[in-house]
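Enquirer: Quick check, what structure comes out for this input:
(one chain, ligands or ions: 2)
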Amino acid sequence: MTATPASRHRPFVVGLTGGIGSGKSAAADRFAALGAAVVDTDAIAHALTAPDGQAIPHIRDAFGDDAIAADGSLDRAAMRALAFAEPQARKRLEAILHPMIREESERRCEAAAGTYVILAVPLLVESGSYRERCDRICVVDCPEALQIVRVKARSGLDDAQIRAIMAAQASREERRAAADDVVDNGGTLDELYAQIDALHERYVRAAALA
Ligand SMILES: CC(C)(COP(=O)(O)OP(=O)(O)OC[C@H]1O[C@@H](n2cnc3c(N)ncnc32)[C@H](O)[C@@H]1O)[C@@H](O)C(=O)NCCC(=O)NCCS
Ligand SMILES: Nc1ncnc2c1ncn2[C@@H]1O[C@H](COP(=O)(O)OP(=O)(O)OP(=O)(O)O)[C@@H](O)[C@H]1O
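Expert: Ligands and ions are numbered 1, 2, ... in the order given. Have a look, this model is predicted:
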């Protein structure tokens with residue numbers, strides 16, 4: 001019998017989180033290569049703020065034309081500087097984006113094919129509504145000094161900018177306390193992948209039993 005939307009079994013959802021530069025995307029890419037469906041809230045946030053993105057008119061209303069780049073997308077560098085210097089501005093931006101991100105991520109999780117879903121959310125531990133949706137929480141963890149080195153190498157942001165972003169996120173201890181599974185990404189990518197491969201086997205088994 002073909003499953004109808006009403007009878008469709010709710011997917012097994014693994015929430016994947018970690019601080020900036022901890023290695024969430026590297027971990028998510030590995031889970032995807034192994035066959036997991038990945039729903040990435042950073043990617044959804046980027047789509048919402050692309051030219052003609054659903055959030056753009058609301059951001060223009062709240063922050064003015066200076067927040068919008070010439071191509072009609074969110075001016076990410078300008079908004080990064082504002083949002084991580086002024087908590088009130090970040091709250092205003094989040095008030096626009098987070099309900100849209102939550103709705104779209106829920107839709108994508110429900111529609112996902114695959115044995116289980118990896119729901120990658122940088123602010124998962126900070127947000128009760130994501131935690132409620134997850135059957136397990138997987139935290140990618142590495143020393144803060146390594147987060148800074150990796151983000152610098154990737155983006156060219158300086159120490160102060162990276163620390164300002166980290167200050168807006170849960171601490172390493174808070175994240176680890178919320179975790180069912182902790183991935184140690186203090187080593188090489190191969191060491192990361194070996195841990196993801198082992199977790200994938202466990203998640204496939206857990207999803208089959210759910
Ligand atoms: C401020 C913005 C424009 C900066 O853009 P930028 O291209 O530099 O970053 P990007 O979106 O790729 O995010 C990179 C990382 O920054 C961190 N980060 C992003 N938003 C937030 C936030 N609101 N609070 C804390 N950390 C954040 C996360 O670790 C994320 O993985 C952007 O991060 C944004 O729109 N943030 C608000 C939306 C949001 O909260 N996204 C998180 C997904 S739920
Ligand atoms: N074990 C590792 N060894 C070396 N480089 C790594 C390792 N893990 C991740 N990286 C690199 O560090 C950078 C940050 O990793 P990644 O983008 O996966 O982190 P993230 O948690 O998704 O970051 P953000 O929160 O900014 O989205 C990337 O350039 C990635 O290729």
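Enquirer: what helices or strands is the helix or strand of the chain with the lowest mean pLDDT leaning on?
Expert: Lowest by mean pLDDT, DSSP states H and E among the helices and strands of the chain is helix 128-133, with a mean of 90. Judged by 3 or more CB pairs under 8 Å, 6 or more residues apart in numbering; DSSP states H and E, helix 128-133 is in contact with strand 13-17, helix 87-111. In short, each C-beta sits where N, CA and C put it, glycine included.
Enquirer: Other residues contacting the longest one?
Expert: Looking back up the chat, that one is helix 87-111. 8, 10-11, 13, 39, 41, 44-45, 48-49, 54-55, 58-59, 62-63, 79, 82-84, 117, 119, 121, 127, 129-130, 133, 168 (CB atoms under 8 Å, 6 or more residues apart in numbering).
Enquirer: for the residue minimising distance to the centre of the chain, phi and psi?
Expert: Ranked by distance to the mean C-alpha position of the chain (CA atoms, centre = their mean), the top residue is V121 at 2.5 Å. The phi/psi pair for V121 (degrees, to the nearest 10) reads phi -140, psi 110.
Enquirer: Double-check D197 against L34; I have them as touching.
Expert: Yes. Judged on CB atoms under 8 Å, D197 makes contact with L34 at a distance of 6.8 Å.
Enquirer: Which one of these two is surrounded by more residues?
Expert: Higher neighbour count among D197 and L34: L34, with 18 against 13, using other CB atoms under 10 Å.
Enquirer: List the contacts of that one.
Expert: I196, D197, H200.
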